[in-house]
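Colleague: Build me a model:
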Amino acid sequence: MKSRNRNKDLLKAAQGLKKELAGRIEERVLMKRYTTFKIGGICDVMVFPKNREDLAKTIEYCESRGLPWMILGRGSNLLVLDQGLDELVINLQDGFKEVSFDENGIVRAQAGVRLAHLVKQCQDEGLSGLEFCAGIPGTVGGAIKMNAGAQGSEIGEWLKSVEFYRYPEGNYHRKRDELKFEYRQVSLKKDEIVLGGEFALKQEDPRRIRAVILEYLKKRRQTQPVSYPSAGSIFKNPPGDYAGRIIEELGLKGYRIGDAQVSDIHANFIVNRGRAKARDVLELIKLIQQKARREKGIELELEIEVVGKAND
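Modeller: Numbering: from 1, shown residues only. I've put the predicted structure just below:
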């Protein structure tokens, strides 16, 4: 009953927000369309703010009425449960796509910019540093939020400052040294929304940058499962070790439940072989964690975020 009432409140919110926002609003959205895993149930309302004003109005509307909300980028590090979401989803993909450069190698990129797009623009400008982001299927906002990394580099190494929105304070900036960057996490407050980042990069010949990018992409294709939908690395690497190596030693490489399979290319990936359900993925995760704990005394911590409502 509580869930049904929440659904009614969210659909009512959609009608109210349509009168106030420049951006579009969709109702009864299948979340599998908006995650790289291609898994997930329905969310009642998805808002696509065009600008900061739309974003602020949406959050103020929800907060003043006690409605839960969540931010969505590209959904590349996310598993949405089969029962869907009880929150209003704020999708930043329509707005927040601006990238600008200055003569000192400073790049400003908004949260909705895809990393692949940013890497290409930096290459064209002859600015080096973010090549490791090539092939990471996410956005600037998500990359900052989780301190995304690859090839021995992390996004936090190149950040100069981050722009946030927080209710009710509004927009503000925090310098890099005001934030604590750790492996796959940043010291953000739970309700701080990343609006964009300012990166300090170095000048380099675009041809050399392109060569590095191509090498990274080649390595990614050889070592990661790019043919099937996934959410990227499922677990964080334990200190001094690799989750993929541990899972392979446990004999679970290629193990399958339904259409969810531990990749036979990289064991720290679970791939969707067609019609995988979130419950299949969760069963695999539970199996891996239990075996790692029992046989190796290792606690594997999730890198992906799991969201959604439990069965009513």
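Colleague: Which of the three states applies to residue 194?
Modeller: Following DSSP: H, G, I helix; E, B strand; the rest coil, the label given to residue 194 is strand.
Colleague: which residues touch it?
Modeller: By CB atoms under 8 Å, 6 or more residues apart in numbering, residue 194 lies in contact with 111, 140-141, 144-145, 162-164, 188. To be clear about C-beta, it is placed using only N, CA and C from the backbone, and glycine gets the same treatment.
Colleague: Of these, which is the most crowded?
Modeller: Counting neighbours by other CB atoms under 10 Å, residue 140 comes out on top of the contacts of residue 194 with 33 neighbours.
Colleague: Is it in contact with residue 108, as I believe?
Modeller: No. Between residue 140 and residue 108 there is no contact under CB atoms under 8 Å: 9.9 Å.
Colleague: list residues touching both of the two?
Modeller: Here residue 140 and residue 108 have 196-197 as joint contacts, going by CB under 8 Å, 6+ apart.
Colleague: sorry, back to before: most widely separated two among the contacts of residue 194?
Modeller: The most widely separated members of the contacts of residue 194, counting by CB to CB, are 140 and 188 (14.3 Å).
Colleague: contacting residues for residue 58?
Modeller: By CB under 8 Å, 6+ apart, the contact set of residue 58 is 17, 21, 47, 49, 69, 88, 90.
Colleague: May I ask which helix or strand encompasses the last one?
Modeller: Here residue 90, judged by DSSP states H and E, is contained in strand 88-91.
Colleague: Report all helices and strands that that strand contacts.
Modeller: In terms of contacts (3 or more CB pairs under 8 Å, 6 or more residues apart in numbering; DSSP states H and E), strand 88-91 is packed against strand 42-48, helix 52-65, strand 69-72.
Colleague: hmm, back to that, in JSON lines, list the contacts of residue 58 along with neighbour count and pLDDT.
Modeller: Shown next, in JSON lines, are the contacts of residue 58 (neighbours: other CB atoms under 10 Å; pLDDT from 0 to 100):
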{"residue": "17", "neighbour count": "20", "pLDDT": "94"}
{"residue": "21", "neighbour count": "20", "pLDDT": "96"}
{"residue": "47", "neighbour count": "28", "pLDDT": "98"}
{"residue": "49", "neighbour count": "25", "pLDDT": "97"}
{"residue": "69", "neighbour count": "20", "pLDDT": "97"}
{"residue": "88", "neighbour count": "25", "pLDDT": "97"}
{"residue": "90", "neighbour count": "21", "pLDDT": "98"}
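Colleague: and these, which two are the farthest apart?
Modeller: Comparing every pair within those by CB to CB identifies 21 and 69 as the most remote, at 13.7 Å.
Colleague: so what strands line up beside the strand holding residue 90?
Modeller: When sheet partners are counted by DSSP bridges, strand 88-91 sits next to strand 42-48 (parallel), strand 69-72 (parallel).
Colleague: residues in contact with it?
Modeller: 10, 13, 29, 31, 34, 43-49, 55, 58-59, 62, 67-72.
Colleague: Stretch 243-252 too?
Modeller: 233-238, 253, 262, 266-269, 287-288, 291-292, 295-296, 298, 300.
Colleague: ok now it, how far from the chain's centre?
Modeller: Centroid separation between stretch 243-252 and its chain, computed with CA atoms, centre = their mean, to the nearest Å, is 24 Å.
Colleague: What are the buried residues along the host helix or strand of residue 17?
Modeller: Residue 17 belongs to helix 2-18 when elements are defined using DSSP H and E. Going by neighbour count (16 or more other CB atoms under 10 Å), the buried part of helix 2-18 is 6-7, 9-10, 13-14, 17.
Colleague: For the following helix or strand past that helix, which strands pair with it and how are they oriented?
Modeller: Per DSSP H and E, the first helix or strand lying C-terminal to helix 2-18 is strand 24-30. Strand 24-30 pairs in its sheet with strand 42-48 (antiparallel), by DSSP bridges.
Colleague: can you pull the contacts of residue 79?
Modeller: Applying CB under 8 Å, 6+ apart, we find residue 79 in contact with 35, 37, 39-40, 231, 278, 281-282, 304-307.
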